[in-house]
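Undergrad: Model the structure of this input:
(one chain, ligands or ions: 1)
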Amino acid sequence: LTLPGLAQKRLGNETASQKTKRMEWWTDARFGMFIHWGLYALPARHEWVKSNERITDENYQKYFEQFNPDLFDAKKWAKEAKAAGMKYAVLTTKHHEGFTLFDSKYTNYKATNTQAKRDLVKEFVEAFRAEGIKVGFYYSLIDWHHPDFTVDRYHPLRPNKDNDDEYAALNKNRDMAKYRKYLYDQVTELLTRYGKIDILWADFSYPGKHGKGRDDWGSVALLKQIRKLQPQIIVDNRLDLNDYEDGTDFETPEQVGTKELEKYRGKVWETCQTFSGSWGYHRDENTWKSNRKLLDLLITSVANGGNLLLNVGPTARGEFDNRANIALDSLSLWMHANSKSIYHCTFAPEEFKATEGTKLTYNKDTRKLYVHLFEYPNTGYITLDGYKNQVKYAQFLHDNSEIQIDNEKSAGNSLVLKLPKKKPDFQIPVIELALK
Ligand code: JFZ
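TA: Okay, here's the model as predicted:
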């Protein structure tokens, strides 16, 4: 049904089924690693430090001079991501501070001109690809270093008061058209130098007063260029093109709670989440999510048909810090035994309601329903209302040990399963139900 006049704006001519096909690997993958790394790892107090503390270029320069990631080993990062079950990784090739981890020919403010003397993006791409992990580039639309990027409400040099004249004075010699070209040229470099790139994560738009949006970035031309250079690439929704039907590919609910994720069911989405309260390495930040919370975010994402992009903020020496390693190790243990309930899974068919204390995921090809036991019954059985006569066989996912159906207790439409009294040694054990 097409209603004249209500037709959405379009940029290209890809059909809905072509889009589904293009995004298939990503939808199946469900779990990726976000990596926020840049000069802000040195002050180690949030990747927004330059804006938060209104630091001038001159005073930020010491981080450029000091940057020396002597322990950086992309292969090690890739192995850790792989062990945790992550199928793709997205690296900040440039964050808001404007420093590029790659050897751009359009700037001197880049890793090759620091003590690192290397193209860190190149090493990332090669190492992750070698582990069979898809590679994505985060690229900041915001740039607090480029001399033509106009001062806006987030810029380190912003006036203290929302005074138009002060903004105008600060921007007298700044020309966004020049910055737009720079941005376009750098994205072009990123998408032509490193082979096939699987994801572009552009960040971010904030239209409105002293903000920036599609016209500032040249989003339409940029996205066309992205699609031209990498026809299979998957692009996030932060280019301010949400009114285009085929503008961008997925929504990016950021740092939202598990309850909130239910609202995204039926959409195409990826929630990005930090281990702690910061994306960049933050030495003194101590509100780290528990291992159980991280697992909950992963399972809840899949239970609502979305992906989880879990962030690591490597240190200035180029390593994941210990708190991140411990969290990743714990995810590895769980994923090793239970990843079948994650990959290629989505929310359960309507007729299956999640029993109290459980969350459901579903693989529609194998017709397996996965019951994640967030609360483990101490009664020796679990009652699944409405599941009777729909289940062929039940077992634990981690060891394929049979879970017997208690036919005497199963009354009406309820299916009662006999569980071991002692909880299996996993934070969240999973029951696999083979559906008829
Ligand atoms: C942005 C960045 O500013 C931040 O440093 C980090 O890289 C994160 C992944 O993305 O922060 C945002 C961007 C968009 C929204 C919120 C935070 N948003 O649309 O709600």
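Undergrad: rest of the way, CA atoms for contacts and neighbours
TA: Noted.
Undergrad: Please tell me how far the residue nearest the centre of the chain sits from Gly277.
TA: Residue closest to the average C-alpha location in the chain (Cα atoms, centre = their mean): Leu309, at 2.7 Å. Per Cα to Cα, to the nearest Å, Leu309 is found 15 Å from Gly277.
Undergrad: got it, and Thr379?
TA: In terms of Cα to Cα, Thr379 sits 38 Å off from Gly277.
Undergrad: Settle it for me: which of these two has more neighbours?
TA: Set Thr379 next to Gly277 and count neighbours by other Cα atoms under 10 Å: Gly277 wins out with 16 against 11.
Undergrad: what residues are up against that one?
TA: Glu285, Thr287, Trp288 (Cα atoms under 8 Å, 6 or more residues apart in numbering).
Undergrad: List the contacts of the residue nearest to the centre of the chain.
TA: Counting by Cα under 8 Å, 6+ apart, Leu309 has contacts Phe31, Gly32, Met33, Phe34, Glu270, Thr271, Cys272, Gln273.
Undergrad: now, among these, which is nearest to Ser332?
TA: Phe31 (12.0 Å; Cα to Cα).
Undergrad: Quick check: bridge partners of that closest one?
TA: Using DSSP bridges, the bridge partners assigned to Phe31 are Leu308.
Undergrad: surely it meets Gly306?
TA: No: using Cα atoms under 8 Å, Phe31 makes no contact with Gly306, being 9.2 Å away.
Undergrad: those strands in the stretch 51-200 of the chain, which residues are they?
TA: Taking DSSP state E, counting those that start in this stretch as the criterion, the stretch 51-200 of the chain carries its strands at 88-94, 134-140, 199-203.
Undergrad: was I right about Ala127 contacting Ala78?
TA: Yes: using Cα under 8 Å, Ala127 makes contact with Ala78 at a distance of 6.2 Å.
Undergrad: For the two, indicate the residue with more neighbours.
TA: Ala78 (25 against 20).
Undergrad: Now Gln395: which helix or strand?
TA: Secondary structure assignment for Gln395, by DSSP states H and E: strand 391-396.
Undergrad: Which of the contacts of Gly277 sits closest to the ligand?
TA: Here the nearest of the contacts of Gly277 to the ligand, counting by Cα to the nearest ligand atom, is Glu285; it sits at 15.2 Å.
Undergrad: Burial check on the closest one, number of neighbours?
TA: 13.
Undergrad: so what's it up against?
TA: Arg45, Ser276, Gly277, Ser278.
Undergrad: List just the one of the strands of the stretch 51-200 of the chain that sits closest to Gln404.
TA: Among these, strand 88-94 sits nearest to Gln404 (Cα to Cα), with 37.4 Å.
Undergrad: ok, that closest one near the ligand or not?
TA: No: if you take Cα under 6 Å from any ligand atom as the test, strand 88-94 misses the ligand, and the best it gets is 8.0 Å.
Undergrad: Alpha carbons of that strand, as CSV, please.
TA: Provided in CSV are the C-alpha atoms of strand 88-94 (Å, rounded to 0.1, in the frame of the first residue of the first chain):
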residue,chain,number,x,y,z
TYR,A,88,32.4,-7.4,15.4
ALA,A,89,34.4,-4.5,16.8
VAL,A,90,34.1,-0.7,16.3
LEU,A,91,37.1,1.5,17.0
THR,A,92,37.2,5.3,17.4
THR,A,93,39.3,6.3,14.4
LYS,A,94,38.8,9.9,15.6
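Undergrad: who in the stretch 151-300 of the chain is up against the ligand?
TA: Going by Cα under 6 Å from any ligand atom, the residues of the stretch 151-300 of the chain near the ligand are Phe204, Trp279.
Undergrad: Which residue does the stretch 151-300 of the chain have closest to the ligand?
TA: For the stretch 151-300 of the chain, Cα to the nearest ligand atom, closest residue to the ligand: Phe204, 5.5 Å.
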